[in-house]
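# Quick check, what structure comes out for this input:
(chains A, B, C and D)
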2 protein chains.
Amino acid sequence: MLSRAAANEVCSPITCKDCGIFGLCREVNGPDIDLRLPETIVRNRRLLKRGDLLYRVGERQHAIYAIRCGSIKTYVLTDDGRIQITGFHISGELLGLSAIADNQSTSEAKVLETTMVCEVPLDVLEMYCERAPSVRQQVIKIMSQEILDNQELMLLLGKKNADERLATFLLGFSRRFQKRNYSPSKFNLIMSRSDIGNYLGMAEETVCRVFTRFQDDGLLTTERRQVQIHDLARLKSIACG
Amino acid sequence: MLSRAAANEVCSPITCKDCGIFGLCREVNGPDIDLRLPETIVRNRRLLKRGDLLYRVGERQHAIYAIRCGSIKTYVLTDDGRIQITGFHISGELLGLSAIADNQSTSEAKVLETTMVCEVPLDVLEMYCERAPSVRQQVIKIMSQEILDNQELMLLLGKKNADERLATFLLGFSRRFQKRNYSPSKFNLIMSRSDIGNYLGMAEETVCRVFTRFQDDGLLTTERRQVQIHDLARLKSIACG
DNA sequence: CGACCTGTTGAGCAGCCTCAACATAAGTGG
DNA sequence: CCACTTATGTTGAGGCTGCTCAACAGGTCG
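Predicted coordinates for the structure are as follows:
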């Protein structure tokens, strides 16, 4: 069997091509070339290992980040330390958008596996938003998309039962992997059962039980974090929106 | 006792002063006057009555909206028609930001009481984003703030119990009314118990029961939608983040 | 090899939901 | 203006989904 890293993602030599702001970089080097912006929008790259915090609550935040390869979870906290995971982010996705409001992060980002991120300082981003219309439009589009994703999670947390939650979760990952030309029916989950449960608003044990039930029903096969979906259609009907 | 409308909001003659894009309008008429933008950013105003839909799922959406006076609830739906209310919006707030991603609304907006909205077409907004840096920054800030608010709701839906949910909800409204120079401790809720329950991910009956318990504990007094909070500090400690 | 982390399964319980009945306010039409 | 209908809010009883606590198996890593 493939190792976890090999199955989902492969880190290639550092280029701007695969990062979440690929579009931004492309625009800078392409259609808007008349702007003669001397440098790339990415000012720094950082290599992080499992458990590292990319940013934490209350910290001043001067940049947004794009994941080049690897994966990161983001979460918010209650006063007494309870955690709600708000997203699992994989290569090509942007992080830190909620900090733009007041340059201060209200959430935390923890690295799940060895991860490379591209850093875009907020002032550089602002400069590009000023000069490159397509960059500006893309930033707004990405933020709008994040609001949309959050709405879907709220629907899940507020109105779905355990089966629907897990089915929705698996479908989401299936689609995201497919978009990156990985298999939509066979993939490695990058996070623990406990993290899945936290994200979906249910106990770790309940996640296990639903996985077991899905497996007994012939919907899928699991072996720890490796998932093989056998009946995407039925999974969709369970997920229900 | 004051009527519901009179207690919370008073509609003044139509100016741009009180709407959510006041800042935008101000900028257009102020610091960036050198831009010589001929018109105001608001192109249309609409008067809506209780039950009207401002926009609905799947509809093409060409504008965002600012509430001048009144109130509107927004919600998303599952395939089988379950609803999750994602927000209650009052005067001065912006709606429809999630539609920018693909010019199509994935949520619905239903009017709770007679309401006046200002309409800003997306292309006009884009034009102002191009020419007025402060408008651009403000739009991004507002979207960032919405992401932040949604994160708080996810925390509530995923990790809080019934008491914490209602306390958090009441505090949120207390703060919003205070920001508008209304009393933070005495106000009219603009929505039904059923809507509160839906928003907070709990049954209408549970909302009632928690209200009753809070009242028995001397935290507050209610009479239908009129709420008087007696112990904001204790409510805060219950809300827990 | 032992310590630890992660995942799985069982038993019992509790918080909240569902269903039902009723009270009161608000809306509607004659 | 009143009688009727409808919408909204409140309270009770009982049941169910999913949580908590606990034990254990299998990987992983020093």
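# Chain neighbours aside, what residue packs nearest to A:H89?
Leaving aside its sequence neighbours, A:H89 sits nearest to A:I72 (Cβ to Cβ, 6 or more residues apart in numbering or on different chains; 4.9 Å). In short, each C-beta sits where N, CA and C put it, glycine included.
# now do A:Y55
Nearest residue to A:Y55 in three dimensions, chain neighbours excluded: A:S105, at 4.9 Å (Cβ to Cβ, 6+ apart).
# Can you report how many residues neighbour the one you found?
Neighbourhood size, A:S105 [other Cβ atoms under 10 Å in any protein chain shown]: 21.
# what's the answer for A:R180, then?
Look at A:R180: counted by other Cβ under 10 Å, it has 12 neighbours.
# And for A:D123?
So A:D123, with other Cβ under 10 Å, has 11 neighbours.
# Name the SS class of it, please.
Following DSSP: H, G, I helix; E, B strand; the rest coil, A:D123 is assigned to helix.
# what's the closest non-adjacent residue to it?
A:H62 (7.8 Å).
# I'd like to know how far the one you found sits from chain B.
Distance, A:H62 to chain B, using Cβ to the nearest Cβ, to the nearest Å: 14 Å.
# so what's that residue up against?
Residues in contact with A:H62 (Cβ atoms under 8 Å, 6 or more residues apart in numbering or on different chains) are A:N103, A:P121, A:L122, A:D123.
# nearest spatial neighbour of the second one, skipping sequence neighbours?
Taking Cβ to Cβ, 6+ apart, and ignoring the residues beside it in sequence, A:P121 has A:A63 as its nearest neighbour in space, at 4.7 Å.
# picking up where we left off before, hmm, which of the contacts of A:H62 are the buried ones?
Neighbour-count burial (16 or more other Cβ atoms under 10 Å in any protein chain shown) applied to the contacts of A:H62 gives A:L122.
# With pLDDT and distance to B:R193 added, can I get the contacts of A:H62 in TSV?
Below are those laid out as TSV (pLDDT from 0 to 100; distance: Cβ to Cβ, whole Å):
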residue	pLDDT	distance to B:R193
A:N103	83	39
A:P121	89	47
A:L122	88	43
A:D123	87	47
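# Looking at the contacts of A:H62, which two lie furthest apart in space?
The most widely separated members of the contacts of A:H62, counting by Cβ to Cβ, are A:N103 and A:P121 (11.4 Å).
# Next, the most centrally placed residue in chain A: secondary structure please.
Centre of chain A computed as the mean C-alpha position; nearest residue by Cα atoms, centre = their mean is A:H89, 1.7 Å away. What three-state DSSP gives for A:H89 is strand.
# hang on, it packs against A:R68?
No - if you go by Cβ atoms under 8 Å, A:H89 and A:R68 don't touch, sitting 11.6 Å apart.
# related to what we said a few turns ago, hey, what's the residue nearest to A:H89 bridged with?
For A:I72, the beta-bridge partners under DSSP bridges are A:H89, A:V111.
# does it really touch A:A109, like I thought?
Yes - counting by Cβ under 8 Å, A:I72 touches A:A109, with 5.3 Å between them.
# How is chain A divided into domains?
With domains defined by automatic domain parsing, chain A comprises A:4-157, A:161-239.
# right, is the lengthiest helix in chain A up against chain B?
In chain A, with assignment by DSSP state H, the single longest helix is helix A:133-159. Yes - using Cβ under 8 Å from any Cβ of the partner chain, helix A:133-159 reaches chain B at A:133, A:136-137, A:139-141, A:143-148, A:150-155, A:157-159.
# Please spell out the PyMOL selection for the buried subset of the residues you listed.
Selection of buried members from those for PyMOL, criterion 16+ other Cβ under 10 Å:
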select buried, chain A and resi 136+137+139+140+143+144+145+146+147+148+150+151+153+154+155+157+158+159
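# follow-up on the earlier one: right, so of the domains of chain A, which gets closest to B:A167?
Short answer: domain A:4-157, nearest of the domains of chain A by Cβ to Cβ, at 12.1 Å.
# so does that closest one get close to DNA strand C?
No - if you take Cβ under 7 Å from any atom of the strand as the test, domain A:4-157 misses DNA strand C, and the best it gets is 9.1 Å.
# How far does that domain sit from its chain's centre?
From the chain centre to the centre of domain A:4-157 is a distance of 9 Å (Cα atoms, centre = their mean, to the nearest Å).
# Show me where chain A dips below the pLDDT cut-off.
For chain A, the stretches flagged by pLDDT under 70 are A:1-40, A:241.
# Can you verify my assumption that A:V120 contacts A:A63?
Yes - the criterion here is Cβ under 8 Å, and A:V120 meets it with A:A63 at 5.7 Å.
# Looking at the two, which one has more neighbours?
Remark: of A:V120 and A:A63, A:V120 carries more neighbours, 27 against 21, as counted by other Cβ under 10 Å.
# That one bridge partners, please.
Residues in beta-bridge contact with A:V120 (DSSP bridges): A:I64.
# how far away is it from A:S98?
Here A:V120 is placed at a distance of 15 Å from A:S98 (Cβ to Cβ, to the nearest Å).
# need the strands for chain A, in chain order.
All strands of chain A, identified by DSSP state E, fall at A:44-48, A:53-55, A:63-69, A:71-77, A:83-90, A:94-95, A:108-111, A:115-121, A:186-188, A:220-223, A:226-229.
# Just name the most buried of those.
Across those, averaging neighbours per residue (mean count of other Cβ atoms under 10 Å in any protein chain shown) puts strand A:63-69 on top, at a mean of 25.
# Just list what that strand packs against, helices and strands only.
Secondary-structure packing of strand A:63-69 (3 or more Cβ pairs under 8 Å, 6 or more residues apart in numbering or on different chains; DSSP states H and E): strand A:94-95, strand A:115-121, helix A:122-131.
# So for A:R50, which of these sits nearest?
So among these, strand A:115-121 is nearest, using Cβ to Cβ, at 8.4 Å.
# Can you show me the CA trace of the closest one as PDB?
Presented in PDB, the C-alpha positions along strand A:115-121 are these (Å, rounded to 0.1, in the frame of the first residue of the first chain):
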ATOM      1  CA  THR A 115       3.900  21.400   5.100                       C
ATOM      2  CA  MET A 116       5.200  24.100   2.900                       C
ATOM      3  CA  VAL A 117       3.400  27.500   2.900                       C
ATOM      4  CA  CYS A 118       3.800  30.600   0.700                       C
ATOM      5  CA  GLU A 119       3.500  33.800   2.600                       C
ATOM      6  CA  VAL A 120       1.800  37.000   1.200                       C
ATOM      7  CA  PRO A 121       2.200  40.000   3.400                       C
END
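# Against which helices or strands is that strand packed?
strand A:44-48, strand A:63-69, strand A:71-77.
# switch to 7 Å and redo it
If contacts are counted by 3 or more Cβ pairs under 7 Å, 6 or more residues apart in numbering or on different chains; DSSP states H and E, strand A:115-121 sits against strand A:44-48, strand A:63-69.
# Give me the contact list for that strand.
Strand A:115-121 is contacted by residues A:11, A:19, A:21, A:41-48, A:54, A:62-72 when judged by Cβ atoms under 7 Å, 6 or more residues apart in numbering or on different chains.
# Could you rerun that using 6 Å?
A:19, A:41-48, A:62-70 (Cβ atoms under 6 Å, 6 or more residues apart in numbering or on different chains).
# rewinding a little: would you list the helices and strands packed on strand A:115-121 in TSV and tack on distance to A:I229?
Putting the helices and strands packed on strand A:115-121 into TSV (distance: least, Cβ to Cβ, whole Å) gives the following:
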stretch	distance to A:I229
strand A:44-48	30
strand A:63-69	24
